[in-house]
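1. Quick one, structure for this:
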Amino acid sequence: MKIESKQFEELTNKELYAILNLRTRVFVVEQECAYQEVDDNDQASLHIMGYVADELVAYARICPPQSVYPQPSIGRVVVSPGQRGNNYGRQVFAFALGTASRMYSGSILKIQAQQYLQEFYTGFGFRVISEPYPDFGILHVDMTINL
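-> Below you'll find the model as predicted:
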């Protein structure tokens, strides 16, 4: 898998469409969550895209401090349904975490994780800092890591 990162202004129309298509397909349609998936944080974020051939198969975004949270954060981690089980999510998240570590060294990074993925994130060193809570019908936990 080829992984690249771009600021919002660097994204082509085709790249932005592929990102929004993948995120909406999974977070809104597949997970049956009616919410504003496209938000104002996209414009300030660094977009991490994983490709197999020319197909976007995995994605995450790094949000700067004072956008989603007071701390920097990684979110919208997603893998295309037909590409799951290939470690693409782990690869994209590792790339995003490494990039965030360089960008925000010495900071605390905060994420909102779907509870069923808690073990995935603890494998990267994150720790749970909240009780499970519902967010659009899916249980989530807040997690942090020291960069």
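2. Run through who's touching the lowest-mean-pLDDT helix or strand in the chain.
-> Every helix and strand of the chain was ranked by mean pLDDT, DSSP states H and E. The lowest is strand 133-135, at a mean of 94. For strand 133-135, contacts defined as Cβ atoms under 8 Å, 6 or more residues apart in numbering pick out 112, 139-141. Using the backbone N, CA and C atoms, a C-beta is placed for each residue, glycine as well.
3. Pipe the residues you listed into TSV and attach secondary structure per row.
-> Listed next are the contacts of strand 133-135 as TSV, based on DSSP: H, G, I helix; E, B strand; the rest coil:
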residue	secondary structure
Q112	strand
L139	strand
H140	strand
V141	strand
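4. farthest pair in these?
-> Farthest pair in these (Cβ to Cβ) is Q112 and L139. Separation: 11.0 Å.
5. Surely E119 is within a helix?
-> Yes. Assigned with three-state DSSP, E119 falls within a helix.
6. got the buried residues for the helix or strand encompassing G89?
-> Element membership for G89 (DSSP states H and E) is helix 88-103. Under the neighbour-count criterion of 16 or more other Cβ atoms under 10 Å, helix 88-103 has 88-89, 91-93, 95-97, 99-101 buried.
7. list the helices and strands it packs on?
-> strand 2-7, strand 46-52, strand 55-63, strand 73-79, helix 118-122 (3 or more Cβ pairs under 8 Å, 6 or more residues apart in numbering; DSSP states H and E).
8. The fourth one vs helix 88-103, what angle?
-> Using axes from the mean of the first three to the mean of the last three Cα atoms, to 10 degrees, the direction of strand 73-79 lies 160 degrees away from that of helix 88-103.
9. Let me see the residues that make contact with stretch 139-147.
-> So stretch 139-147 is contacted by 71-72, 97, 100-101, 104-116, 118, 121-122, 124-134 (Cβ under 8 Å, 6+ apart).
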